[in-house]
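Peer 1: build me a structure from this.
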Amino acid sequence: MKKIIISLVAIVAVGALAVGGTIAFYNDAESSPQNIFVAGTIDLTVDSKGAVYNDGTVAKSSWPAKDLDGEKFFNFDDIKPADRGNRNISLHVGENDAWACLLVTDKTNDENTIINPEDLAGDSTDGLNGGELGQNTEVFVWQDNNGNGTYETASDNALTALDGVTLDDLDKITVADSTFGSPLTNATTRQVYIAWCAGDQTVDGSNGTITCDGGGMSDVAQTDKFSANITAYAVQVRHNSDFKCSEVELE
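Peer 2: Numbers count the residues shown, from 1 in each chain. Next comes the predicted model:
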């Protein structure tokens with residue numbers, strides 16, 4: 001009997017130890033509240049200091065930096081040989097550095113009916129892409145680093161060839177990418193000028209003078225209509241060091 005009682009006491013003691021094993025160990029916890037990830041932005045805005053047409057200012061061609069809402073960079077309906085002009089646009093981005101391009105898409109070179117002078121000049125093409133105005137209007141695009149509206153060979157950057165570039169040729173214009181120029185920042189304004197001539201435009205490579213000779217445009221361009229979309233495009237620089245405007249394809 002004595003042996004049995006001792007065994008029972010031992011069992012009870014073990015049970016008590018098992019219950020006591022639930023006592024908490026030392027511990028501590030530190031909390032980091034409300035962790036947040038916020039997406040950055042590439043917010044491109046465009047302003048315009050105006051357009052010049054045959055030495056006169058084009059009405060309502062200026063606006064402050066904004067998201068474009070149907071504004072046209074060019075809108076002329078009575079072009080004649082030797083007509084000329086230029087257009088200023090400025091590109092801005094917000095807090096994040098960006099590469100930038102001008103993309104010319106959806107080009108049409110509409111014959112817009114063949115009238116007698118065109119017929120006599122040998123114009124035989126017709127239809128939406130049968131016109132000759134696009135290949136008879138030359139353009140030159142440059143980055144105007146001091147904002148004075150003139151091309152200065154020592155300080156400005158040519159964004160197209162100096163001579164011989166037509167409206168038909170315009171495609172992807174590099175303002176800044178991994179192959180050319182420096183990124184746009186929130187502290188800089190990138191001013192771009194586009195000079196055009198109905199005929200042959202010549203840019204003097206020594207002093208930057210731009211001249212227009214209308215003799216290069218014949219009667220085959222009469223009544224023709226050229227139209228295109230011009231898109232200012234910006235993309236982040238961060239993690240995108242090899243970006244090239246030439247590789248951009250708009251959806």
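Peer 1: for residue 172, what are its contacts?
Peer 2: Each residue near residue 172 by CB atoms under 8 Å, 6 or more residues apart in numbering is listed here: 101, 102, 103, 104, 245, 246, 248. (Each C-beta comes from the backbone N, C-alpha and C, glycine too.)
Peer 1: ok, and the closest non-adjacent residue to it?
Peer 2: Of all residues not flanking residue 172 in the chain, residue 245 sits nearest, at 5.1 Å (CB to CB, 6 or more residues apart in numbering).
Peer 1: burial measure for that neighbour, as a count.
Peer 2: 22 (other CB atoms under 10 Å).
Peer 1: can you flag which of the contacts of residue 172 belong to strands?
Peer 2: Counted as lying in strands by DSSP state E, out of the contacts of residue 172, are 101, 102, 103, 104.
Peer 1: check contacts around the first one.
Peer 2: For residue 101, the set of contacting residues under the criterion of CB under 8 Å, 6+ apart consists of 172, 173, 174, 175, 177, 232, 233, 234, 245, 248.
Peer 1: phi, psi for the last one please.
Peer 2: Okay, so that is residue 248. Dihedral angles phi and psi of residue 248 (degrees, to the nearest 10) take the values phi -80, psi 130.
Peer 1: just curious, which of the ones in strands among the contacts of residue 172 is nearest to residue 76?
Peer 2: Nearest to residue 76 among these, counting by CB to CB, is residue 104 at 16.5 Å.
Peer 1: can you name the residues bridging to that closest one?
Peer 2: On the basis of DSSP bridges, residue 104 is bridged to residue 230.
Peer 1: again, but for the one 4 residues further on
Peer 2: Beta bridges link residue 108 to residue 227 when assigned by DSSP bridges.
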